[in-house]
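Peer 1: sequence unknown, structure follows:
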């Protein structure tokens, strides 16, 4: 997924699940807990909030984003 596609898809008011190249699905506890690391925006940090911990994902390993309403955003790998 490209950085531009990911930025467009990350909407802090809508829940989502990220799907990675290894077929894992990752859902932040709240949409606002996912942020691109700048610069160069090649990584995404997901905070687990009160549950503790963070997860660092490489943007080039994200294949798609799916929302509960089954809308999927897909883009080319960067």
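Peer 2: Cool, the structure landed. Bear in mind that the values here come from a model prediction, so they are computed numbers and not experimental data.

Peer 1: Centre-most residue in this protein?
Peer 2: residue 18 (5.0 Å; CA atoms, centre = their mean).

Peer 1: Let's see the pLDDT reported for that residue.
Peer 2: pLDDT recorded at residue 18 is 91.

Peer 1: Pull up the gap between it and residue 36, please.
Peer 2: Here residue 18 is placed at a distance of 12 Å from residue 36 (CB to CB, to the nearest Å). Just so you know, the C-beta spots here come from the backbone N, C-alpha and C atoms, and that holds for glycine as well.

Peer 1: Overlap of the contact sets of the two?
Peer 2: Here residue 18 and residue 36 have residue 44 as joint contacts, going by CB atoms under 8 Å, 6 or more residues apart in numbering.

Peer 1: Is residue 50 located within a helix, as I assumed?
Peer 2: Yes: under DSSP: H, G, I helix; E, B strand; the rest coil, residue 50 falls within a helix.

Peer 1: which residues in this protein form helices?
Peer 2: Using DSSP state H, the helices found in the chain span residues 3-9.

Peer 1: what residue of it is the furthest out?
Peer 2: Outermost in the chain, CA atoms, centre = their mean: residue 50 at 19.1 Å.

Peer 1: And that residue, how far from residue 24?
Peer 2: In terms of CB to CB, residue 50 sits 22 Å off from residue 24.

Peer 1: Same question for residue 17.
Peer 2: Noted for residue 17: a distance of 10 Å to residue 24, by CB to CB.
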